[in-house]
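In: sequence unavailable; structure follows:
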DNA sequence: GTGTTTGCAAAGTGTTTGCAATTTA
DNA sequence: TAAATTGCAAACACTTTGCAAACAC
């Protein structure tokens, strides 16, 4: 039983992942509507609402499989929850703790100057800017 | 029973915190040796080694009390652990996941250009750069 | 003395895992 | 059919909490 957007199937195949019902369904939710930032729980709830039968454990598994396959990127902004971002190119984020909303900042527009060399014996893996915001009391 | 470095006592008093044995002992560990980045578990282990009797729960409580009092700053770089930084001024970090080591990057040397305005209705709380590094295969 | 803080153990939260049953290719 | 994946429930790691006893001021 393999039915979903052909686009999702495409991406999974390209990433070398088998086309299973949960993967196709979740890929459909994730990749059909522009850039998204979701937690496992959010995606699970969405799946349930959309009448997709998946277990929460599978949502976690799939999120990690997608991340390893380069289809997602994990964003760490809260100690108690992981966010997954469908935008995998280097870029930055606004994060509002009050409502848990992450928002992309294009990586190309931002320049960072004055970074020292990484500690001896290490090399830079990624550079990420997190701009924490709060509701303005205006 | 209140014995510890007078410096620690000083800071606690200034922050409006009662001078309790656990607080004084942990403040001694935290603030006597320049800037530090610790997890609750690390600080607890250190306390145990130093023959300081504190429960892990109290270490958590104290870390949060110190954070609220402005003596520490929480740094979020891993989903499964919180780090606490004795350096509370705005600054940035190198982080090596392989060994869990955080290292300060002075905030003054770094300039970030091209950040867009924060989302409508919000204002910037903090801007933090996290440079993830890995052991170089040199 | 009064209100705060501690420590313990239990509860909580988000996440991972073991394994039999199912499904993909 | 062989190998991979799923779902469930149990296990996990880290953190928080409830509450009686201990302590600071």
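Out: Yes, it's here. This is a predicted model, so every value here is computed, not measured.
In: neighbours of whatever residue of chain A ends up closest to DNA strand D, how many?
Out: Nearest to DNA strand D in chain A, going by CB to the nearest atom of the strand, is residue A:58, at a distance of 3.0 Å. C-beta here means a position set from N, CA and C on the backbone, and glycine is covered the same way. Neighbour count of residue A:58, defined by other CB atoms under 10 Å in any protein chain shown: 19.
In: so residue A:46, which of the three states?
Out: helix (DSSP: H, G, I helix; E, B strand; the rest coil).
In: quick one, phi psi at residue A:98?
Out: With angles defined as degrees, to the nearest 10, residue A:98 sits at phi -50, psi -40.
In: pairing partners for the longest strand along chain A, with directions?
Out: Secondary structure assigned by DSSP state E gives strand A:122-135 as the longest strand of chain A. Applying DSSP bridges, strand A:122-135 is found paired with strand A:92-96 (parallel), strand B:122-135 (antiparallel).
In: deepest of these, which one?
Out: strand A:92-96 (a mean of 21; mean count of other CB atoms under 10 Å in any protein chain shown).
In: next, see if that one gets close to DNA strand C.
Out: No - with CB under 7 Å from any atom of the strand as the criterion, DNA strand C is not reached by strand A:92-96; the gap is at least 14.9 Å.
In: give me the neighbour count for the residue lying closest to residue A:71 once chain neighbours are set aside.
Out: Nearest residue to residue A:71, sequence neighbours excluded (CB to CB, 6 or more residues apart in numbering or on different chains): residue A:15, at 5.7 Å. The local packing of residue A:15 (other CB under 10 Å) involves 15 other residues.
In: the longest helix anywhere in chain A packs against which elements?
Out: Longest helix in chain A, counting residues (DSSP state H): helix A:56-68. Helix A:56-68 sits against helix A:21-31, helix A:40-49, strand A:81-85, with contacts defined as 3 or more CB pairs under 8 Å, 6 or more residues apart in numbering or on different chains; DSSP states H and E.
In: would you mind listing what in chain A touches chain B?
Out: Contacts of chain A with chain B, taken as CB under 8 Å from any CB of the partner chain, map to A:74, A:76-79, A:81-82, A:92, A:94, A:96, A:103, A:105-106, A:109-116, A:118-119, A:121-136, A:138.
In: quick one, what contacts the residue nearest to residue A:82 when sequence neighbours are not counted?
Out: Nearest residue to residue A:82 in three dimensions, chain neighbours excluded: residue B:79, at 4.9 Å (CB to CB, 6+ apart). By CB atoms under 8 Å, 6 or more residues apart in numbering or on different chains, the contact set of residue B:79 is A:74, A:76, A:79, A:81-82.
In: return a ChimeraX selection command for the buried portion of those.
Out: Here is the ChimeraX command that selects the buried residues among the contacts of residue B:79 (16 or more other CB atoms under 10 Å in any protein chain shown):
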select /A:76,79,82
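In: thank you, goodbye.
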